[in-house]
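[1] Return atomic coordinates for the entry below.
(chains A and B)
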Protein chains: 2
Amino acid sequence: MKQIFSSRNLVMPEVNIGQALIPKNSRVIWNHNGTAPGIWIEKDDKIFIAMPGVPYEMKAMFDNEIIPDLKKKFAEKNNSVLLQKTLLTTGIGESSLSERLGDLNDLLGDSKLAFLPSSWGVRLRINAEAKNEKDAEEKISRIEGMIRAKAEDYIYGINEEKLEETVVKILKERNRTLSVAESCTGGRISSTIVSVAGSSKFYMGGICAYSNLEKIKILNIKKDTIEKFGAVSEKTATEMAKGVRKLMQTDYAISTTGIAGPTGGSEEKPVGLVWIGFASEEKSFALSFLFGNLREINIQRSSYRALEILRRELLNIKIKF
Amino acid sequence: MKQIFSSRNLVMPEVNIGQALIPKNSRVIWNHNGTAPGIWIEKDDKIFIAMPGVPYEMKAMFDNEIIPDLKKKFAEKNNSVLLQKTLLTTGIGESSLSERLGDLNDLLGDSKLAFLPSSWGVRLRINAEAKNEKDAEEKISRIEGMIRAKAEDYIYGINEEKLEETVVKILKERNRTLSVAESCTGGRISSTIVSVAGSSKFYMGGICAYSNLEKIKILNIKKDTIEKFGAVSEKTATEMAKGVRKLMQTDYAISTTGIAGPTGGSEEKPVGLVWIGFASEEKSFALSFLFGNLREINIQRSSYRALEILRRELLNIKIKF
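    Predicted structure coming up:
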């Protein structure tokens, strides 16, 4: 008899789970990331699902065990198929994107397009319904084609993809390496890239140079540069990217220096001002952005923008921010 | 007439919001992080609240505008006060903590204690109800005192506090500086600390040394050490902490080196094995942990454990993991 251990180390023999402890018309939902299982109960054409409360255990169960079974169940019952595809954009605002796409009503027909803005970009979610999967796919494909024709350069991925995954994928395809020098983002870009499994082959490492001393010493930035232009400047951002690229011997490098807030701003350099630098063998430059007042949002947006600058450089995309 | 701009740049004169467009018994909920306002409607002793969908705008409105008003409203209606306080622990499992606290039923009376485990620690949430605030506070204070008497060393904060905030607070109080050398956590510790406003005065910076080459070159680790013991070893973790402390000239340093997964493990050094190093003027050491199979969870747990090691060293807490 196999033994199942609950989260509080109570031992429950499997036979009880299968027969005695759970009601009829029910089954165990297995938890592959923990010890407490879930339960799926059906009654009067309704489904009741209970899962453990630890978020990452629950989420994995929901995605891997419950969603596929629910899909199968409802596809059997209904005569129509509902498909969804999301195109992920970044570096363009909701209203600019909407203007760029123009009036889509004729194109959409009975399908739907939702604009879903967040602090790092706008997701375009297409919903299409048809009698079978092939027809629904065709509807989505037609709408996607039209959107891509008008905004391809802003689209970095689809559905649940992440910008950092896109960037790591491109580096991998081309066998190129990356390093990062972060001031105001403080390691956020580095940790975002490292969250992608397999990134260690292409991401060589990062420097979080929070003080001017380290910028000068570790990244080999001229003392003159910081004194003349300031730590938050085009010149410092560019030199940071060049410095870390040389130090880590990588093909590409990105850098950030800015005022994340809530304090530290001035009239000339307000909270939210960020310079993002880029360096490759061929060129180096820095771009400035003004993101706003919230520290967390500034760090998040700066990190995304740096990854997007890298993506556009890697793909030789020429559009401006 | 003041103008209010919605998220799609539609102009709505304020007079309409106040009089014509929103129903009776309603008021505007202001959005200080965006342009779309929310609405608070009361009807038949019920409250309906609508807010914009951008998560950080909605969350700020909820915390700052809605919760305080709801509290006020219900305190007026009810004769009893319900208070809540959460004690935050880390570095001890739910069952060990439960054993340590023993049987609490007599102590609790009509109050409630919930164990809320997550991947970085267990929160202990105390709920107490009484006729007035003073009595409810006394109930909570008595329970808190008993818990602290048995588990004080594991408690790093209360309510919504974060471990990184606790650590930055201690560094600030003592005017001490910190640096970080990260391999498997890839910048997560650095970005976690930097997320605390004001951390830049005490956090000097970090090195994300993802390849052995950088460990040797930037952190000045002996080639011998890595060749003899491996990059994931007690010796390398200790030398990383010592190296970054010297490079950044800080009072304290922490380091991580491990196998985050999903691949890269061996029988001797499996996925989830992490060495965490610490260095101060007086001492240096490294501790090993085995966290499991999930990359994201490994990175998260390693980061929290490193901060907890630092907290215990700063406060001279002698308990073991």
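[2] ok, residue A:275 - contacts?
    With contact set as Cβ atoms under 8 Å, 6 or more residues apart in numbering or on different chains, residue A:275 has these partners: A:232-234, A:236-237, A:256-258, A:286-288. Using the backbone N, CA and C atoms, a C-beta is placed for each residue, glycine as well.
[3] Could you say which helix or strand holds it?
    strand A:273-279 (DSSP states H and E).
[4] That strand - what's its average pLDDT?
    Mean per-residue pLDDT for strand A:273-279: 98.
[5] Indicate each strand paired with it and its parallel or antiparallel sense.
    Strand pairing for strand A:273-279, determined by DSSP bridges: strand A:252-258 (antiparallel), strand A:284-290 (antiparallel).
[6] what about residue A:207, how many neighbours?
    Residues within reach of residue A:207, counting by other Cβ atoms under 10 Å in any protein chain shown, total 32.
[7] what residues are up against the closest residue to it other than its chain neighbours?
    Nearest in space to residue A:207, with sequence neighbours left out and distances taken as Cβ to Cβ, 6 or more residues apart in numbering or on different chains, is residue A:181 at 4.9 Å. Counting by Cβ under 8 Å, 6+ apart, residue A:181 touches A:206-207, A:209, A:219, A:240-241, A:243-244, A:253-256, A:277.
[8] Can you tell me which member of these has the lowest pLDDT score?
    Among these, residue A:209 carries the lowest pLDDT, at 87.
[9] Quick check: closest non-adjacent residue to that residue.
    residue A:215 (4.5 Å).
[10] got the CA positions of the strand holding residue A:275 in PDB?
    The C-alpha trace of strand A:273-279 is given here as PDB (Å, rounded to 0.1, in the frame of the first residue of the first chain):
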ATOM      1  CA  LEU A 273      14.300  59.700 -15.300                       C
ATOM      2  CA  VAL A 274      16.300  56.700 -16.500                       C
ATOM      3  CA  TRP A 275      19.100  56.300 -19.000                       C
ATOM      4  CA  ILE A 276      19.400  52.900 -20.600                       C
ATOM      5  CA  GLY A 277      22.700  52.000 -22.400                       C
ATOM      6  CA  PHE A 278      23.500  49.500 -25.000                       C
ATOM      7  CA  ALA A 279      26.900  48.200 -26.300                       C
END
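[11] related to what we said a few turns ago, can you name the residues bridging to the residue nearest to residue A:207?
    Going by DSSP bridges, residue A:181 forms beta bridges with residue A:207, residue A:255.
[12] ok, it to residue A:278 distance?
    11 Å (Cβ to Cβ, to the nearest Å).
[13] Now residue A:33: phi and psi?
    When read as degrees, to the nearest 10, the backbone of residue A:33 gives phi -110, psi 10.
[14] What ranges does the stretch 51-200 of chain A have for its strands?
    Here the stretch 51-200 of chain A has its strands, by DSSP state E, counting those that start in this stretch, at A:81-89, A:112-117, A:122-130, A:155-158, A:178-182.
[15] Quick check: which element contains residue A:296?
    For residue A:296, the enclosing helix or strand under DSSP H and E is helix A:295-314.
[16] Is any residue of that helix near chain B?
    Yes - applying Cβ under 8 Å from any Cβ of the partner chain, one finds helix A:295-314 in contact with chain B at A:295-297, A:299.
[17] Closest one of the residues you listed to chain B?
    Chain B lies nearest to residue A:295 out of the residues of helix A:295-314 next to chain B, by Cβ to the nearest Cβ, at 5.5 Å.
[18] Who are the contact partners of the closest one?
    Here residue A:295 is in contact with A:260-262, B:195, B:197 (Cβ under 8 Å, 6+ apart).
[19] coming back round to it: and the pLDDT at the residue nearest to residue A:209?
    82.
[20] Verify the stated contact: it with residue A:235.
    No - if you go by Cβ atoms under 8 Å, residue A:215 and residue A:235 don't touch, sitting 11.7 Å apart.
[21] sorry, back to before: for the helix holding residue A:296, list the C-alpha coordinates in CSV.
    This file holds the C-alpha atoms of helix A:295-314, laid out as CSV (Å, rounded to 0.1, in the frame of the first residue of the first chain):
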residue,chain,number,x,y,z
ARG,A,295,9.8,53.2,-7.4
GLU,A,296,8.6,49.7,-8.1
ILE,A,297,7.0,50.7,-11.4
ASN,A,298,10.2,52.6,-12.4
ILE,A,299,12.4,49.6,-11.7
GLN,A,300,10.0,47.3,-13.6
ARG,A,301,9.6,49.6,-16.6
SER,A,302,13.3,50.4,-16.9
SER,A,303,14.1,46.6,-16.8
TYR,A,304,11.5,45.9,-19.5
ARG,A,305,12.6,48.8,-21.7
ALA,A,306,16.3,47.7,-21.5
LEU,A,307,15.3,44.2,-22.6
GLU,A,308,13.2,45.7,-25.4
ILE,A,309,16.1,47.8,-26.6
LEU,A,310,18.2,44.7,-26.7
ARG,A,311,15.5,42.8,-28.6
ARG,A,312,15.2,45.6,-31.2
GLU,A,313,19.0,45.7,-31.6
LEU,A,314,19.3,41.9,-31.9
